[in-house]
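[1] any chance you could fold what I've pasted below:
(2 chains)
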2 protein chains.
Amino acid sequence: MAVYTDVSDEALASFLTDYALGELVAFRGIAEGVENSNFSLRTGTGDYILTLYEKRVDPRELPWFLGLMRHLAQRGVTCPQPVAGHDGEALRMLAGRPAAITSFLSGVWPRRVRPEHCRLLGVALATLHLAGADYGHERPNALGPAAWRPLLESCRSTGDVVQPGLVAELDRALDSILPAWPSDLPRGQIHADLFPDNVFFLETGGSRTLSGLIDFYFACTDLLAYDLGVCLNAWCFEPGMEFNVTKAKLLLAGYASIRPLDAAERAALPVLAQGAAIRFLLTRLYDWVNTPPGAMVTRKDPLEYLRRLRFHLAAATPEALGL
Amino acid sequence: MAVYTDVSDEALASFLTDYALGELVAFRGIAEGVENSNFSLRTGTGDYILTLYEKRVDPRELPWFLGLMRHLAQRGVTCPQPVAGHDGEALRMLAGRPAAITSFLSGVWPRRVRPEHCRLLGVALATLHLAGADYGHERPNALGPAAWRPLLESCRSTGDVVQPGLVAELDRALDSILPAWPSDLPRGQIHADLFPDNVFFLETGGSRTLSGLIDFYFACTDLLAYDLGVCLNAWCFEPGMEFNVTKAKLLLAGYASIRPLDAAERAALPVLAQGAAIRFLLTRLYDWVNTPPGAMVTRKDPLEYLRRLRFHLAAATPEALGL
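    Below you'll find the model as predicted:
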């Protein structure tokens, strides 16, 4: 549900004069995405997405994100392409927010993940990792392992309202995960938030294709295999939180068909999956205890990730994850 | 912000097999509308809107609304057109809700109303009234004057939390409005909710046109001039709640250029504007005191309509409203 900032007619009309997109034909808020305000925009030249970057996005980092999207697209990854204005710039201000127009991607994100989605996802993720290899700018992962203890500290006095004993359980989990965290695995540009609602698929003539990846605003430079940890969490659990090893095998096999994992990455997969689970658990917990009642924001249940974390701590072998 | 019900891939795919719309190309929730769930839908044959009707809409009334939209379009009113499936039906079930696909309308609703918008609105409203004249089915106005006392009763114990003395002030207002309510004015099909976000405009080559009207789910059979009362409230007040008589004159002149008001309608305009103000005030008040904190619904401020109501009670002449 994401239109935090609305745009006046005059501001939009004035904004569009900076582009060669023809006349405005339609403009509607999109009820997807949780960080930014998104609008579908139709002009005389086609369909676009207009994004207003809200306060969680650091404006100084936007050129990195937009540059990565351009770089990836030039190497065959279908993702939104920033549209430059007359001045060659893709980024400008609108309604007091940094704003950019990007291309419209066809496809539908899967409300229910099927095994075949996971294989296609693995292929796309490995393709993204290879395509990002020569994007020569680093962006540290602001929500990587160094952030997890401080995030938990900020929830220490209030976190147990979600579930008694939760903070102590997360202390013990971090005691186990952080010392085991690998440092010497292959690194590169990762998406870091590749949930089902960021991946579009199309079915044409009975065959399913992955039509694009969106929402690169958590992308960063980190361990490539950590993206697999994120996807194992986000794509391979059933609604009842049972781990679906068939989906995991297809995800990993699809990935390996493009970029085989090395031995160290394979060995590290369990702790990477544990880390990914606790990363989303901690940010959801932080949002849960810090979102005032009545705020127009969807709070996501942190406990779904506690159940994933417990699975990954108990499983703890590459084989249990489908390798 | 309106996606109350999401639709699974399988349910959507199955739903679309009932139509000759080609293959699914894109599907995104729309962050507009407050009563129903709306999605933009692109298929091989074009763009559409998919609406899932939520609990405030009585499914038995949907054929009336869809029939009215079809009837109006055949008579030159640009509004969403229900798309029939292979069985000739426009209405079926999806995700446990009544659902319909309608045509996509170009245009943008005005975030800031300009005087010229009001003239075009008046023309469109009168055109709608004439076009609806031979739609031979009646639908009583469920939120007409007979509903206002019961609505206020349901807020009697809690309404003053919004503002001390509010309930007593509304009692007095109804004591003044209800006995003066006209009964013998021209009647017909009215929109009854023609707020700026339900009216689309396009600017092409420097000239502005009204490109369509949407959201007919409060439409009903009532006094035609009551729709002008609604529009005087919704379009002719500035953000500081000053009445803009220039906008009102243009609205009324645009209307009269297509359908001149008779003497009784002109004389009744002040009480119709008072009634429209208290109707929106009462439903907003009801929603305000009955929406649990944290519910994912935008509560609209009832007091904006108290200020409009006070203006209309004090003004009380057709001339003050721009006639």
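
[2] mind listing the strands in the stretch 1-150 of chain A by residue range?
    Taking DSSP state E, counting those that start in this stretch as the test, the strands found in the stretch 1-150 of chain A are A:24-29, A:37-43, A:46-52, A:91-94, A:97-103.

[3] dump the second one to PDB, keeping only the CA atoms.
    In other words, strand A:37-43. Provided in PDB are the C-alpha atoms of strand A:37-43 (Å, rounded to 0.1, in the frame of the first residue of the first chain):
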ATOM      1  CA  SER A  37       5.400   6.000  -3.300                       C
ATOM      2  CA  ASN A  38       4.800   4.500  -6.700                       C
ATOM      3  CA  PHE A  39       2.500   5.600  -9.500                       C
ATOM      4  CA  SER A  40       1.700   4.100 -12.900                       C
ATOM      5  CA  LEU A  41       2.100   6.800 -15.500                       C
ATOM      6  CA  ARG A  42       0.900   6.700 -19.100                       C
ATOM      7  CA  THR A  43       2.000   9.300 -21.600                       C
END
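
[4] do you know how far the closest residue in space to A:V7 that isn't next to it in sequence is from B:I30?
    Excluding the flanking residues, the one nearest A:V7 by C-beta to C-beta, 6 or more residues apart in numbering or on different chains is A:A95, at 5.0 Å. C-beta here means a position set from N, CA and C on the backbone, and glycine is covered the same way. Taking C-beta to C-beta, to the nearest Å as the criterion, A:A95 is separated from B:I30 by 19 Å.

[5] hmm, back to that, tell me the pLDDT of the residue nearest to A:V7.
    Note on A:A95: pLDDT of 92.

[6] now A:F311, nearest residue through space, not along the chain?
    In this structure, A:F311 finds its nearest non-sequential neighbour in A:F243, 5.4 Å apart by C-beta to C-beta, 6+ apart.

[7] for the one you found, list each beta-bridge partner.
    According to DSSP bridges, the residues that bridge with A:F243 are A:F237.

[8] mind listing what it touches?
    Contacts for A:F243 (C-beta atoms under 8 Å, 6 or more residues apart in numbering or on different chains) come out as A:C236, A:F237, A:F311, A:A315.

[9] got it, and A:Y255?
    When contacts are counted by C-beta under 8 Å, 6+ apart, A:Y255 is found next to A:G122, A:V123, A:L125, A:A126, A:L228, A:L261.

[10] quick one: it and A:L309, what's the gap?
    22 Å.

[11] closest to the centroid, which residue in chain A?
    What sits nearest the mean C-alpha location of chain A, by C-alpha atoms, centre = their mean, is A:D193, with 1.9 Å.

[12] circling back: just among the contacts of A:F243, which is most surrounded?
    Using other C-beta atoms under 10 Å in any protein chain shown as the neighbour test, the contacts of A:F243 are led by A:C236, with 25 neighbours.

[13] what parts of chain A come near chain B?
    Taking C-beta under 8 Å from any C-beta of the partner chain as the contact definition, chain A meets chain B at A:1-3, A:6-10, A:12-13, A:23-32, A:40, A:42, A:104-108, A:110-112, A:200, A:202-205, A:293-294, A:296, A:298.

[14] what subset of those residues is buried?
    For those, a neighbour count by 16 or more other C-beta atoms under 10 Å in any protein chain shown gives the buried set as A:1-3, A:7, A:9, A:12, A:24-32, A:40, A:42, A:104-108, A:110-111, A:200, A:202.

[15] just to revisit the earlier point, which of the contacts of A:Y255 lies closest to A:Y19?
    Taking C-beta to C-beta as the measure, A:L125 is the one of the contacts of A:Y255 closest to A:Y19, at 32.1 Å.

[16] mind checking how far that closest one is from B:P196?
    44 Å.

[17] and A:D222, what does it touch?
    A:D222 makes contacts with A:N141, A:G144, A:R187, A:I190, A:A192, as judged by C-beta under 8 Å, 6+ apart.

[18] residue contacts, A:R208?
    By C-beta under 8 Å, 6+ apart, the neighbours of A:R208 are A:E116, A:H117, A:L120, A:F201, A:L202.

[19] state the pLDDT value of the nearest residue to the second one once chain neighbours are set aside.
    What it means is A:H117. In this structure, A:H117 finds its nearest non-sequential neighbour in A:P110, 5.2 Å apart by C-beta to C-beta, 6+ apart. On the pLDDT scale, A:P110 is placed at 94.

[20] do A:D58 as well
    Taking A:D58 on its own, its pLDDT is 89.

[21] count the neighbours of the closest residue to A:W181 other than its chain neighbours for me.
    Excluding the flanking residues, the one nearest A:W181 by C-beta to C-beta, 6+ apart is A:P145, at 5.2 Å. Burial of A:P145 is recorded as 19 neighbouring residues (other C-beta under 10 Å).

[22] check what pLDDT A:P145 gets.
    Reported pLDDT for A:P145: 97.

[23] and it, how far from chain B?
    Distance of A:P145 to chain B, computed by C-beta to the nearest C-beta, to the nearest Å: 32 Å.

[24] just checking, A:A11 touches A:A95?
    Yes. The pair A:A11 / A:A95 is scored as a contact, 5.6 Å apart, by C-beta atoms under 8 Å.
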